[in-house]
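Participant: No letters, just coordinates:
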């Protein structure tokens with residue numbers, strides 16, 4: 001557990017963050033329970049805090065099975081559950097996330113997973129999930145329940161040719177959403193690695209709310225010139241933002257824990 005207070009100029013109250021965690025781990029079982037509190041005024045000038053003014057409780061349980069023969073290395077049953085409360089709104093219950101899955105890991109290190117997830121979101125302000133300019137946002141002060149099913153496959157990431165693929169479909173706020181994402185990569189050992197990723201989301205909401213088809217394309221190249229010189233370039237195209245971006249970074253590791261970067265970024 002920890003208790004942390006961030007001290008700021010003219011600080012009179014609050015600025016606390018606390019967390020407690022209890023876990024139990026064996027070869028067959030992994031069980032974890034956590035509780036966190038982050039004050040509305042809490043700041044981390046040397047880091048990043050994604051949400052403030054919340055209480056959060058989480059539970060995680062995994063049961064593993066190891067076959068004595070065959071091509072399967074391990075079966076896993078997993079359940080993850082988290083809940084959020086807004087402290088500045090009289091501890092309003094705002095979010096719930098419940099995911100259950102069954103994962104099979106083969107001796108080749110390939111994986112396949114099927115799962116279901118349930119979500120609850122209480123909107124505290126109007127929100128348009130499609131980010132459509134001039135679109136009608138979903139109303140605030142309403143709780144939304146939705147369920148999704150998914151299947152995911154991941155090949156051995158250590159191979160010369162590797163990839164992963166995922167399909168997800170279900171309800172989404174007042175409508176439905178269907179998602180497909182995947183990537184494929186190839187290595188020219190030991191110098192170059194190419195990777196191409198695609199994300200597609202089809203959001204279908206009833207009138208008067210907006211529907212959308214959202215694409216995200218992301219090619220990537222990693223070049224290793226030596227043990228001290230590396231070059232990484234990422235392209236990204238989003239039709240939702242009508243944006244083509246590039247980030248290219250040359251990294252020189254001239255000493256232990258010492259790096260010099262030359263970065264080019266353009267949108």
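Facilitator: Nice, thanks for sending it over. Predicted, not measured: the structure shown is a model, and the values here were computed from it.
Participant: residues in contact with residue 127?
Facilitator: Applying C-beta atoms under 8 Å, 6 or more residues apart in numbering, we find residue 127 in contact with 137-138, 140. All C-beta atoms are positioned from the backbone trio N, CA, C, and that covers glycine.
Participant: Which among those count as buried?
Facilitator: Among the contacts of residue 127, those classed as buried by 16 or more other C-beta atoms under 10 Å are residue 138.
Participant: Go through the contacts of residue 127 and say which is closest to residue 238.
Facilitator: Using C-beta to C-beta, residue 137 comes nearest to residue 238 of the contacts of residue 127, at 20.4 Å.
Participant: you'd agree the closest one is up against residue 126?
Facilitator: Yes. In this structure, residue 137 is within contact of residue 126 by C-beta atoms under 8 Å, at 3.7 Å.
Participant: Quick check: residue 159 is in a helix.
Facilitator: No. Using DSSP: H, G, I helix; E, B strand; the rest coil, the assignment for residue 159 is coil, not a helix.
Participant: Please report the distance of it from residue 240.
Facilitator: Residue 159 sits at a distance of 33 Å from residue 240 (criterion: C-beta to C-beta, to the nearest Å).
Participant: same question, residue 168
Facilitator: Taking C-beta to C-beta, one finds residue 168 at 18 Å from residue 240.
Participant: between these two, which one's more packed in?
Facilitator: When residue 168 and residue 240 are compared for neighbours, residue 168 comes out ahead with 17 against 14, by other C-beta atoms under 10 Å.
Participant: Might one say that that one is in contact with residue 150?
Facilitator: Yes. The pair residue 168 / residue 150 is scored as a contact, 3.9 Å apart, by C-beta under 8 Å.
Participant: which residues in the stretch 151-267 of the chain form helices?
Facilitator: Counting by DSSP state H, counting those that start in this stretch, the stretch 151-267 of the chain forms no helices at all.
Participant: where along it do the strands fall?
Facilitator: Under the criterion DSSP state E, counting those that start in this stretch, the stretch 151-267 of the chain contains strands at 161-172, 175-188, 192-204, 212-224, 229-238, 243-255, 258-266.
Participant: now those strands in a markdown table, with distance to residue 38 and mean pLDDT?
Facilitator: Listed next are the strands of the stretch 151-267 of the chain as a markdown table, based on distance: least, C-beta to C-beta, whole Å; pLDDT from 0 to 100:
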| stretch | distance to residue 38 | mean pLDDT |
| --- | --- | --- |
| strand 161-172 | 27 | 96 |
| strand 175-188 | 29 | 96 |
| strand 192-204 | 30 | 96 |
| strand 212-224 | 30 | 96 |
| strand 229-238 | 30 | 96 |
| strand 243-255 | 31 | 96 |
| strand 258-266 | 31 | 96 |
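Participant: In TSV, list those strands along with distance to residue 154.
Facilitator: Formatted as TSV, these follow (distance: least, C-beta to C-beta, whole Å):
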stretch	distance to residue 154
strand 161-172	4
strand 175-188	10
strand 192-204	13
strand 212-224	17
strand 229-238	21
strand 243-255	25
strand 258-266	30
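Participant: Any idea which of the ones you listed gets closest to residue 62?
Facilitator: Nearest of those (C-beta to C-beta): strand 161-172, 19.7 Å.
Participant: What is the distance between that closest one and the centre of its chain?
Facilitator: The chain centroid and the centroid of strand 161-172 are separated by 13 Å, computed with C-alpha atoms, centre = their mean, to the nearest Å.
Participant: How about residues contacting it?
Facilitator: 129, 145-156, 176-187, 203, 205.
Participant: And for stretch 249-264?
Facilitator: By C-beta under 8 Å, 6+ apart, the list of residues contacting stretch 249-264 reads 227-233, 246-248.
Participant: redo that, cut-off 10 Å
Facilitator: Stretch 249-264 has contacts (C-beta atoms under 10 Å, 6 or more residues apart in numbering) with 223, 225-234, 246-248, 265.
Participant: Buried ones among these?
Facilitator: Members of the contacts of stretch 249-264 classed as buried by 16+ other C-beta under 10 Å are 230, 232, 234.
Participant: And residue 63, which helix or strand is it part of?
Facilitator: Assigned by DSSP states H and E, residue 63 belongs to strand 54-65.
Participant: Check which element follows that strand along the chain.
Facilitator: strand 72-86.
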